[in-house]
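> here is a sequence together with a model predicted from it:
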Amino acid sequence: MQLVSNMIEAHIFRQKDDKIEFLLIKRAEGEIYPGLWQMVSGKIDGGEKAYETALREIKEETGLTPERFWVAPNINPFYEPAKDYISLLPVFAALVKYNSQVTLSEEHSDFKWVEPAAAKKLLAWPGQRKSVDVITEYFKNDISFLNFVEIKL
């Protein structure tokens, strides 16, 4: 069995006062996991750095450009039975303007802005829900001991 890191997870959020909302996007029919609510995810292209993939996928899947962008201190692991490998996904947090207009790709059929509790109810995998908790704790409570590395845009 192999250990690979060939995908990313990017959580887009907006903030107004002390309120945080996450952008969730719904997988379109005909795609893998149709009807599934998720954050932005995608495969790392050859030669790309993981953060470059996250920025590219954010633009492709939502039409958004982050104002600020961080590496979240969380890795989302999952097992891929068809190819018998464990994948480790680096997690990113992307802040966008509160009134940003979302433009979905053909991979997705719907989107919604939701508070953290609602996001956790809609996300399918525990690692994704943990990422919501980590990001919320950091940005809502200004927890200084968490190490969010900002990538300058």
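Thanks, I have it.
> longest single strand anywhere in this structure?
Ranked by residue count under DSSP state E, the longest strand found in the chain is strand 68-80.
> that one pairs with which strands, and in what direction?
Here strand 68-80 is paired, per DSSP bridges, with strand 85-95 (antiparallel), strand 149-150 (antiparallel).
> redo those strands as a markdown table? Include mean neighbour count, distance to A72 and mean pLDDT.
Every residue, glycine included, has its C-beta placed from N, CA and C. Output for the strands paired with strand 68-80, formatted as a markdown table (neighbours: other CB atoms under 10 Å; distance: least, CB to CB, whole Å; pLDDT from 0 to 100):
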| stretch | mean neighbour count | distance to A72 | mean pLDDT |
| --- | --- | --- | --- |
| strand 85-95 | 21 | 4 | 95 |
| strand 149-150 | 10 | 9 | 88 |
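> among those strands, which is nearest A54?
Closest of the strands paired with strand 68-80 to A54 is strand 85-95, at 4.3 Å (criterion: CB to CB).
> got the CA positions of that closest one in PDB?
C-alpha atoms of strand 85-95 as PDB (Å, rounded to 0.1, in the frame of the first residue of the first chain):
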ATOM      1  CA  TYR A  85      -3.600   3.800  -1.200                       C
ATOM      2  CA  ILE A  86      -3.900   6.300   1.600                       C
ATOM      3  CA  SER A  87      -4.100   9.900   0.500                       C
ATOM      4  CA  LEU A  88      -3.100  12.800   2.700                       C
ATOM      5  CA  LEU A  89      -4.700  16.100   1.600                       C
ATOM      6  CA  PRO A  90      -3.200  19.400   2.700                       C
ATOM      7  CA  VAL A  91      -5.900  21.800   3.900                       C
ATOM      8  CA  PHE A  92      -6.100  25.500   3.000                       C
ATOM      9  CA  ALA A  93      -8.300  28.300   4.200                       C
ATOM     10  CA  ALA A  94      -9.300  31.100   1.800                       C
ATOM     11  CA  LEU A  95     -10.900  34.400   2.900                       C
END
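> and the next helix or strand past that strand?
Using DSSP states H and E, the helix or strand that follows strand 85-95 towards the C-terminus is strand 108-114.
> next secondary structure element downstream of that following strand?
helix 116-122.
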